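Enquirer: I would like the atomic coordinates for the input below:
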Amino acid sequence: QVQLVESGGGLVQPGGSLRLSCKVSGARLADYAIGWFRQAPGKERERVSCISVSGGSVHFEDSVSISRDNAKNTVYLQMNSLKPEDTAVYFCAARNPSSRMVGTTTRQYDHWGQGTQVTVSS
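Expert: Take a look at the predicted model:
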């Protein structure tokens, strides 16, 4: 059973940067398309960035980049120029191996991590 664990969240000042990590265990990351989503209090979960099995990526927020290191079974989300409205719990998710392309909605993802809190505040 594939498991995902996010890390790297924390408190950062406006304009700062963070790099989040999504560690995959129980399976080969190379077989999975991965997405990053976020959810702020009282709001729906929304997409941030996604990466396919082949490494193609889609970004839905400014100043973010996504990358994958299959040897380390880890996907990264680099976030720059952070704003207070970026405050949320950030989740990574994996599609089943039959879906190798990026998924742009939460319903397209089958496995989820527990999330890591990102707070942007002075």
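Enquirer: average pLDDT across the helix or strand residue 35 falls within?
Expert: Element membership for residue 35, per DSSP states H and E: strand 34-39. Throughout strand 34-39, pLDDT has a mean value of 98.
Enquirer: so what secondary structure elements neighbour that strand?
Expert: strand 18-25, strand 46-51, strand 64-69, strand 74-79, strand 88-94 (3 or more C-beta pairs under 8 Å, 6 or more residues apart in numbering; DSSP states H and E). Backbone N, C-alpha and C define where each C-beta goes, glycine included.
Enquirer: just want the angle from it to strand 88-94.
Expert: In terms of direction (axes from the mean of the first three to the mean of the last three C-alpha atoms, to 10 degrees), strand 34-39 departs from strand 88-94 by 150 degrees.
Enquirer: buried sites along strand 34-39?
Expert: Residues of strand 34-39 classed as buried: 34-38 (neighbour count, 16 or more other C-beta atoms under 10 Å).
Enquirer: tell me which residues touch the residue sitting nearest the centre point of the chain, please.
Expert: Among the residues of the chain, the one closest to the centroid is residue 36, at 2.4 Å (C-alpha atoms, centre = their mean). Residues in contact with residue 36 (C-beta atoms under 8 Å, 6 or more residues apart in numbering) are 20, 22, 47-50, 64, 66, 75, 77, 90-93.
Enquirer: including distance to residue 110, could those residues go into JSON lines?
Expert: Below are the contacts of residue 36 laid out as JSON lines (distance: C-beta to C-beta, whole Å):
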{"residue": "20", "distance to residue 110": "20"}
{"residue": "22", "distance to residue 110": "15"}
{"residue": "47", "distance to residue 110": "16"}
{"residue": "48", "distance to residue 110": "18"}
{"residue": "49", "distance to residue 110": "18"}
{"residue": "50", "distance to residue 110": "14"}
{"residue": "64", "distance to residue 110": "23"}
{"residue": "66", "distance to residue 110": "19"}
{"residue": "75", "distance to residue 110": "15"}
{"residue": "77", "distance to residue 110": "19"}
{"residue": "90", "distance to residue 110": "18"}
{"residue": "91", "distance to residue 110": "13"}
{"residue": "92", "distance to residue 110": "12"}
{"residue": "93", "distance to residue 110": "8"}
